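here is a sequence together with a model predicted from it:
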Amino acid sequence: QVQMVESGGGLVQAGGSLRLSCAASGLTFSVHTMGWFRRAPGKEREFVAAIHWSGGEGYYADSVKGRFTISRDNSKNTVYLQMNMLKPEDAAVYYCAATTAYESRHAYNYWGWGQGTQVTVSS
């Protein structure tokens, strides 16, 4: 059974940083693109970042480009999201998920959603 466990969320002041982690199990992690999405209250889930199974720089939503960095460690079945220069509009529940697509920004292509981790940014 596929399981994603997100962690690392919390309360941070605007301009601060957080590092999210997502530990995956029940899948061949090294052959899946991994993505981060977020959902703020009253809003739809939106794409944040994703990284190919081979690693590399990843690709990002315009709203986070230059502030967030996605990375992965295939030896630990874990994907990370380093979030810097956080803004109040970044506050949301953050989720990770997997896809077999080489590149996708669409949630419907992803599966194995976890419970998410809450990020709160105070102004």
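Done, it's in.

which other helices and strands contact the helix or strand bottoming out on mean pLDDT in the chain?
One helix or strand of the chain scores below all others by mean pLDDT, DSSP states H and E: strand 55-60, with a mean of 90. Other helices and strands packing on strand 55-60, by 3 or more Cβ pairs under 8 Å, 6 or more residues apart in numbering; DSSP states H and E, are strand 46-52, strand 68-73. No exception for glycine: its C-beta is placed from N, CA and C like everyone else's.

and that strand, which strands flank it?
strand 46-52 (antiparallel) (DSSP bridges).

list the buried residues for stretch 44-63?
Arg45, Phe47, Val48, Ala49, Ala50, Ile51, His52, Trp53, Gly58, Tyr59, Tyr60, Ala61 (16 or more other Cβ atoms under 10 Å).

widest-spaced pair of the residues you listed?
Arg45 and Trp53 (22.3 Å; Cβ to Cβ).

which of the helices and strands packed on strand 55-60 sits closest to Arg105?
Going by Cβ to Cβ, the one of these nearest Arg105 is strand 46-52, 4.2 Å.

need phi/psi at the residue nearest the centre of the chain.
Nearest to the geometric centre of the chain sits Trp36, at 2.4 Å (Cα atoms, centre = their mean). Phi and psi for Trp36, reported as degrees, to the nearest 10, are phi -110, psi 140.

hang on, it packs against Val93?
No. If you go by Cβ atoms under 8 Å, Trp36 and Val93 don't touch, sitting 11.2 Å apart.

re the thing from before, looking at the helices and strands packed on strand 55-60, which is closest to Ser30?
Checked against Cβ to Cβ, the stretch from the helices and strands packed on strand 55-60 lying closest is strand 68-73, at 9.0 Å.

buried ones in that closest one?
Phe68, Thr69, Ile70, Ser71, Arg72.

now for that strand, which elements pack on it?
Using 3+ Cβ pairs under 8 Å, 6+ apart: strand 68-73 touches strand 33-39, strand 46-52, strand 55-60, strand 78-83.

in JSON lines: the ones you listed, plus distance to Tyr110.
Below are these laid out as JSON lines (distance: least, Cβ to Cβ, whole Å):
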{"stretch": "strand 33-39", "distance to Tyr110": "6"}
{"stretch": "strand 46-52", "distance to Tyr110": "9"}
{"stretch": "strand 55-60", "distance to Tyr110": "14"}
{"stretch": "strand 78-83", "distance to Tyr110": "12"}
